[in-house]
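J.: here is the input, now give the coordinates:
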Amino acid sequence: MVPLSDEHIPAVAHALYRLEIDHGRYPFPIKPNLTKAIQHVIQKGLAGEAYVGHGCLLLVSVQQPWYSDTTALCEEFILSLGRGVNLRAVVQFLDKLAAEHKADMILSGNTLQDPRLSQLYLRLGYRRVTDQFYKEPTWDA
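T.: Coordinates of the predicted model:
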């Protein structure tokens, strides 16, 4: 995988557009905003936290929780850019990044709840540690 560059932006923008129009197919409750998403990807690229390769865009961050000395490489988003997708290689690249950043752990997710991705994470040594919950607020409460 290589750092995001200007030449990748059209393919990334197209993939984000597809995600925006396909939003209803996924159980994720937050509707994407194409303009905001592209701006965020560019900011991540400028920060050295966006990579392209194996048919995907990968966004990451290095974080340390306020309550711990543990440093985590956090996978923020993996987006298919079309053909040639190799999720195994993308997920394995997280190990390389974690080593470069001397991270104590890698945190990743499966927001779209794709069972194939969950199985891949488990096969590559990840453990399931949490569930995520969603509720719309009740304004009359």
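J.: which non-adjacent residue is nearest Val60?
T.: Glu49 (5.3 Å; C-beta to C-beta, 6 or more residues apart in numbering). Yep, even glycine has a C-beta here, placed from its N, CA and C like the rest.
J.: can you pull the pLDDT of the one you found?
T.: pLDDT, Glu49: 97.
J.: and for Phe133?
T.: 77.
J.: from Arg83, how far out is it?
T.: 35 Å (C-beta to C-beta, to the nearest Å).
J.: Leu34 too?
T.: Going from Leu34 to Arg83 by C-beta to C-beta gives 22 Å.
J.: settle it for me: which of those two has more neighbours?
T.: Higher neighbour count among Leu34 and Arg83: Leu34, with 13 against 6, using other C-beta atoms under 10 Å.
J.: count the neighbours of Asn110 for me.
T.: 18.
J.: hmm, Met1 is touching Val90, no?
T.: Yes. Taking C-beta atoms under 8 Å as the definition, Met1 is a contact partner of Val90 at 7.1 Å.
J.: settle it for me: which of the two has more neighbours?
T.: More neighbours surround Val90 than the other of Met1 and Val90, with 22 against 18 (other C-beta under 10 Å).
J.: give the other helices and strands that the helix or strand harbouring Arg18 contacts.
T.: Using DSSP states H and E, Arg18 sits in helix 9-21. For helix 9-21, the elements it packs on are helix 34-46, strand 72-80, judged by 3 or more C-beta pairs under 8 Å, 6 or more residues apart in numbering; DSSP states H and E.
J.: and the shortest one, which strands flank it?
T.: Going back to what we said before, that points to strand 72-80. strand 56-63 (antiparallel), strand 105-107 (parallel) (DSSP bridges).
J.: shared neighbours, Met1 and Val90?
T.: Gly53, His54, Leu58 (C-beta atoms under 8 Å, 6 or more residues apart in numbering).
J.: with distance to Pro10 added, can I get the residues you listed in a markdown table?
T.: Converted to a markdown table, those look like this (distance: C-beta to C-beta, whole Å):
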| residue | distance to Pro10 |
| --- | --- |
| Gly53 | 16 |
| His54 | 18 |
| Leu58 | 18 |
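J.: flag the shaky bits of this protein, pLDDT-wise.
T.: 24, 26-28, 111-113, 141 (pLDDT under 70).
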